[in-house]
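# coordinates for the following, if possible.
(one chain, ligands or ions: 1)
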Amino acid sequence: MFSYVFMKLLEGRPESYDRRVERVSGGHIRAIKEQIVDAIDPGTHVLEVGCGTGELATMIAARGATVLAFDASEKMVAEARDRMAREGLEEKVTVQSMAVTAMDRLDAASFDAVVATLVLSELTRDEERYALRHAVRVLRPGGRLLLADEVVPRTTGRRLAYQAVRLPVLAVTYLVSTSSTRPLENLPETLRHLGLEVLQEERSLGDAFALVVARKPQQDKEVEA
Ligand SMILES: C[S@@+](CC[C@H](N)C(=O)[O-])C[C@H]1O[C@@H](n2cnc3c(N)ncnc32)[C@H](O)[C@@H]1O
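Below you'll find the model as predicted:
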């Protein structure tokens, strides 16, 4: 059992963020990112929401896709841009300083895939709904949404075990950073409600982490408000 609730602590230092996440998660988040990358087709155009230091965008670009990656943190954006320059990926990855609340500026049906790892859990419920609604809008018909994040476990026993691990870390994180994260509830149901077809839901970390892959139908379904 493990929780990513401390992410807010690590985000304060973008220059060491990837290394520290890798160490504390025992390679879990890197393995999830590799699974996401495997599902991306070369030659496609991908949107990454909350790209952090740009690790996933770099991996997707290496697979032959182009990426528009954005993040609300200026420090993360600077780190991601430095990374693209270092790795010669500026032509393949555009990094923008932008919050999810500006996603309405993105063109409809302009991406083959939208990806987000450990981001939705940092948003308010309203921001999460807004981000998901626009993620669906910017996907081309047939395009896929790939999300990986902390989620509420499905059984009572697992929920209790998860809270026992999470609460002390949550308290420390909140004391140090005065911010926290929020495990997602009913993610597949939310995506179905938005008209997507859920293709995969893979749970890990004692049922408290999910990789969810969903597809936008070829024919737009009516999206419920
Ligand atoms: C835990 S980090 C994950 C970074 C990256 N996705 C990864 O998996 O390595 C969460 C990221 O979401 C960004 N973020 C949080 N709230 C955001 C918002 N409202 N709009 C855009 N980015 C946001 C943070 O700045 C941070 O870089």
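# tell me the residue of this protein that sits nearest the ligand?
Nearest to the ligand, among the residues of the chain, is Gly52, at 2.6 Å (C-beta to the nearest ligand atom). All C-beta spots, glycine's among them, are computed from the backbone N, C-alpha and C.
# let me know the helix or strand that the closest residue to that residue other than its chain neighbours is in.
In space, and not counting its chain neighbours, Gly52 is closest to Met76: 5.1 Å by C-beta to C-beta, 6 or more residues apart in numbering. Assigned by DSSP states H and E, Met76 belongs to helix 74-86.
# contacts for that helix?
For helix 74-86, contacts defined as C-beta atoms under 8 Å, 6 or more residues apart in numbering pick out 11, 14-15, 17, 51-55, 57-58, 69-71, 89-90, 92-93, 95-97.
# next one: stretch 182-189
Contacts for stretch 182-189 (C-beta under 8 Å, 6+ apart): 120-123, 125, 128, 147, 149-152, 162, 166, 198, 201, 208, 210, 212, 214.
# need the buried ones from those residues selected in ChimeraX.
The ChimeraX command for the buried members of the contacts of stretch 182-189 (criterion: 16 or more other C-beta atoms under 10 Å) is given here:
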select :120,121,122,123,128,147,149,150,151,152,162,166,198,208,210,212,214
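# keeping just the C-alphas, turn the helix holding Met76 into CSV.
Taking Å, rounded to 0.1, in the frame of the first residue of the first chain, the C-alpha atoms of helix 74-86 are listed here in CSV:
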residue,chain,number,x,y,z
GLU,A,74,6.0,28.4,-14.0
LYS,A,75,8.8,26.5,-12.3
MET,A,76,7.6,23.2,-13.8
VAL,A,77,7.2,24.8,-17.2
ALA,A,78,10.7,26.2,-17.1
GLU,A,79,12.1,22.8,-16.1
ALA,A,80,10.2,21.1,-18.9
ARG,A,81,11.3,23.6,-21.5
ASP,A,82,15.0,23.2,-20.4
ARG,A,83,14.5,19.5,-20.8
MET,A,84,13.2,19.7,-24.3
ALA,A,85,16.1,22.0,-25.2
ARG,A,86,18.6,19.6,-23.7
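# what residues does the chain put near the ligand?
Contact residues, the chain versus the ligand (C-beta under 6 Å from any ligand atom): 7, 11, 50-52, 55, 71-73, 76, 99-100, 117-119, 122-123, 127.
# from these, list the buried ones, please.
Neighbour-count burial (16+ other C-beta under 10 Å) applied to those gives 7, 11, 50-52, 55, 71-73, 76, 100, 117-119, 122-123, 127.
# the residues of the chain next to the ligand in strands, which ones?
Using DSSP state E, the members of the residues of the chain next to the ligand that fall within strands are Asp71, Thr117.
# how about Leu118, what does it touch?
Counted by C-beta under 8 Å, 6+ apart, Leu118 has contacts Tyr4, Met7, Ile29, Gly50, Gly52, Ala148, Asp149, Glu150.
# one more pass at 10 Å, please.
4, 7, 11, 21, 25, 29, 32, 50, 52, 56, 147-150, 181, 209 (C-beta atoms under 10 Å, 6 or more residues apart in numbering).
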